[in-house]
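In: coordinates for the following, if possible.
(2 chains)
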Amino acid sequence: MNGSVARRFLLGLAPWVGAVALWYGVRWSGFVNVSLIPAPHQVAAKFVELLLHEGLLFDVFASTRRVFLGVMLGILVAVPVGFLLGWYRPARTFADPMINFFRALPPIALIPLVIVYFGVDELAKLVILFYASFFAGVIVMYEGVSQITPLYIRVAQTLGAGEFEIFRKVIIPLTVPHILTALRVALGVAWATLVASELIAAQRGLGAMIQNASTYFLLDVIYVGIICIGFIALIMDLILRWISARLLVWQERAVV
Amino acid sequence: MSAIGGIHNARFDRVSLEFDTPKGKLRVVEDVSYDINDGDFIAVIGPSGCGKTTMMSMLAGFQKPTTGKVLFDGQPVKGPGPERGVIFQEYGVFPWLTVKDNIAFGLKLRANRVPVAERDYICEHYLELMGLSDFANSYPKHLSGGMRQRLAIARAYAVKPQFLLMDEPFGALDAQTRANMQNLLLRVLGTEGKTVMLITHSVEEAIYLASRIVVVTARPARIKEIIDVPFSYPRDEALQERPEFGELRSHIRELVMSEYRAQQAQIRPASFSE
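Out: Residues are numbered from 1 along each chain as shown, chains lettered A, B, ... in the order given. Below you'll find the predicted structure:
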């Protein structure tokens, strides 16, 4: 038992060690100008410096909060909208072209308009992240909900379930997996959009930090920012997967 | 204990049903009349795709006849209800509930809510009866096809419908499991006495289980013949070895096969033209 835990830990660690080794390898291979690639230990030192003296945690917090709020608001709206679209065919016919029109627009392209209408404050960034999360989530929700088979509803009806009972006891449990998938997809998209949203008169946040660092060609800071974003996204995804595994023990999956 | 018990009967009164398709109206059921009386075990048999399931679906309340009436206890069927238990071909066990919670599902609904102690008692009873006790807290993903089918039956039985509609319930099971399930059904019916409408395409199954067999034609489904099965209950597998069983089987098989051939003849010219 202990052996297998240790092995899983090592197996999970191996690619990271490999990535760092590759990083050093590229740096020392001579193919690339060394000044263009800060060494991992330099980036680590920069990380500690930023953490202790430049308030890196504050940037992490600002970004995480934006992503979190944007995704929460986006999904909060995407769930009912996606549900309606998936459930009622007329609603789909009505709204589908519109949704696909807006979904195809990259959030970055909207930034100038967002600045005009929402200013350059926190609200503007939230709007961009909301936009990204909503359209990512709504598609997942409606694809998922439209695939729910009527069989379970019929079964519930023959057992005597009323409309509200069917909704509460059949449709909600069948919808939960799609909500969780929508959340995961939206989180991914939101982190990807974060840097763009923090381009708007950035003060704090990891995207802002990267943006500022690029102005002064501080490559080590850029690396720290990117790695931080990656790790926070990874942690959020792990938490979500942990919640999914708990809520969806019933699902047929090969391995958890 | 049960609000749903009592005597029930159903009647198909000159029932026809048409679907609108892109190629025009498709007549699925045509002028079908028969009665299902309390205590009957009716098997409806016919070539696959002939409209047998549609017939059951109307009595279950999922579809309405285009003309004619489908009556349950003298009233036109308006929709599904717990007094008509349905066992679906695809089982439809709820994957998000444990085996026990699947059985308890109907008992927790407003329509047939019972006290917790009674609910537990009913669940235990059917877990035991269906041989699912060891899996009470498992999710359906851990069950075999036969066990899922037993679970679907247990769940339907738990709300004590006196009237059961079964749509090829054993169609997907292997021969051994199928025989076991048939025997189990006979045993349960023997103790709980229910009225059953069974849709099947197996002649042996129809004779072995039913008290009356409705043979229907290829689409549109019309009644070809209604046959009283002359064997008394309780029945066991020895019945299938009796010569009368064999004679009845040959007779019904010939009826079904002639319809099957008619159906093939209908399909073939159409498929050549495409």
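
In: what sits against residue A:27?
Out: Applying Cβ atoms under 8 Å, 6 or more residues apart in numbering or on different chains, we find residue A:27 in contact with A:34, A:37, A:39. From N, CA and C alone the C-beta is placed, and that goes for glycine too.

In: in TSV: those, plus distance to chain B, pLDDT and neighbour count.
Out: Listed next are the contacts of residue A:27 as TSV, based on distance: Cβ to the nearest Cβ, whole Å; pLDDT from 0 to 100; neighbours: other Cβ atoms under 10 Å in any protein chain shown:
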residue	distance to chain B	pLDDT	neighbour count
A:34	55	82	11
A:37	49	87	18
A:39	49	88	16
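
In: so which of these sit within helices?
Out: Per DSSP state H, helices hold no members of the contacts of residue A:27.

In: turn those into CSV, columns for distance to residue B:256.
Out: As requested, the contacts of residue A:27 are exported to CSV (distance: Cβ to Cβ, whole Å):
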residue, distance to residue B:256
A:34, 83
A:37, 78
A:39, 80
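
In: could I get the full set of strands for chain B?
Out: B:10-21, B:24-36, B:41-45, B:67-72, B:75-76, B:84-87, B:163-167, B:195-200, B:212-216, B:223-228 (DSSP state E).

In: return the distance of the longest one from the chain's centre.
Out: Think strand B:24-36. 18 Å (Cα atoms, centre = their mean, to the nearest Å).

In: the residue most central in space within chain B bridge partners, please.
Out: For chain B, the residue nearest the mean C-alpha position is residue B:166 (1.6 Å; Cα atoms, centre = their mean). Taking DSSP bridges as the rule, residue B:166 bridges to residue B:87, residue B:198.

In: residue 214: neighbour count?
Out: Defaulting to chain A. A count of nearby residues for residue A:214, using other Cβ atoms under 10 Å in any protein chain shown, gives 13.

In: correction: the question concerned chain B.
Out: Residue B:214 has 25 nearby residues by other Cβ under 10 Å.

In: kindly report the same for residue B:142.
Out: Neighbour number of residue B:142 under other Cβ under 10 Å is 12.

In: from residue B:151, how far out is it?
Out: Distance from residue B:142 to residue B:151, counting by Cβ to Cβ, to the nearest Å: 11 Å.

In: quick one, what contacts the residue of the stretch 101-250 of chain B found nearest chain A?
Out: In the stretch 101-250 of chain B, the residue that lies nearest chain A is residue B:111 (3.2 Å; Cβ to the nearest Cβ). Applying Cβ under 8 Å, 6+ apart to residue B:111 gives the contacts A:159-162, B:81-82.

In: with residue A:139 instead?
Out: Taking Cβ under 8 Å, 6+ apart as the test, what residue A:139 contacts is A:82, A:99, A:103.

In: list the buried residues in the helix or strand that contains it.
Out: Residue A:139 belongs to helix A:122-146 when elements are defined using DSSP states H and E. Buried residues in helix A:122-146, counted by 16 or more other Cβ atoms under 10 Å in any protein chain shown: A:124-142, A:144-146.

In: tell me which entries of the contacts of residue A:139 lie within helices.
Out: Reading helices off the contacts of residue A:139 with DSSP H, I get A:82, A:99, A:103.

In: could you find the closest non-adjacent residue to the first one?
Out: This points to residue A:82. The shortest distance from residue A:82 to any non-neighbouring residue, by Cβ to Cβ, 6 or more residues apart in numbering or on different chains, is to residue A:141 (2.5 Å).

In: residue A:245 versus the one you found, what's the distance?
Out: Here the criterion is Cβ to Cβ. By it, residue A:141 lies 20 Å from residue A:245.

In: what does the stretch 1-150 of chain B have sitting close to chain A?
Out: The interface of the stretch 1-150 of chain B toward chain A, taken as Cβ under 8 Å from any Cβ of the partner chain, is made up of B:60-62, B:79-82, B:84-86, B:88, B:90, B:92, B:94-97, B:105-106, B:108-112, B:139-141.

In: just the buried residues out of those, in PyMOL syntax.
Out: Here is the PyMOL selection string for the buried members of the residues of the stretch 1-150 of chain B next to chain A, based on 16+ other Cβ under 10 Å:
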select buried, chain B and resi 60+61+62+80+81+82+84+85+86+88+92+94+95+96+97+105+106+108+109+111+112+139+140
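
In: quick check: domain ranges of chain A?
Out: Using automatic domain parsing, the domains assigned to chain A come out as A:1-37, A:39-247.

In: would you mind finding the most buried of these?
Out: Mean neighbours per residue, mean count of other Cβ atoms under 10 Å in any protein chain shown, is largest over the domains of chain A for domain A:39-247, with a mean of 18.

In: out of the helices and strands in chain B, which is least certain?
Out: helix B:243-273 (a mean of 80; mean pLDDT, DSSP states H and E).

In: elements contacting that one?
Out: helix B:203-209, strand B:212-216, strand B:223-228 (3 or more Cβ pairs under 8 Å, 6 or more residues apart in numbering or on different chains; DSSP states H and E).

In: need those in CSV with distance to chain A and mean pLDDT, can you?
Out: Supplementary listing: the helices and strands packed on helix B:243-273 in CSV, determined by distance: least, Cβ to the nearest Cβ, whole Å; pLDDT from 0 to 100:
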stretch, distance to chain A, mean pLDDT
helix B:203-209, 21, 93
strand B:212-216, 21, 94
strand B:223-228, 25, 92
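
In: now do the helices in the stretch 1-150 of chain B.
Out: Ranges of helices in the stretch 1-150 of chain B, per DSSP state H, counting those that start in this stretch, are B:52-60, B:99-105, B:116-129, B:145-158.

In: including distance to residue B:36, could the ones you listed go into CSV?
Out: Output for the helices of the stretch 1-150 of chain B, formatted as CSV (distance: least, Cβ to Cβ, whole Å):
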stretch, distance to residue B:36
helix B:52-60, 8
helix B:99-105, 26
helix B:116-129, 24
helix B:145-158, 17
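
In: assign a three-state SS to the residue of chain A found nearest chain B, would you?
Out: Using Cβ to the nearest Cβ, the closest approach of chain A to chain B is made by residue A:160 at 3.2 Å. Assigned by DSSP: H, G, I helix; E, B strand; the rest coil, the conformation of residue A:160 is coil.

In: show the backbone phi and psi for it.
Out: For residue A:160, the backbone dihedrals (degrees, to the nearest 10) come out as phi 110, psi 10.

In: quick one: it from residue A:143, how far?
Out: The value you get for residue A:160 to residue A:143, if Cβ to Cβ is used, is 31 Å.
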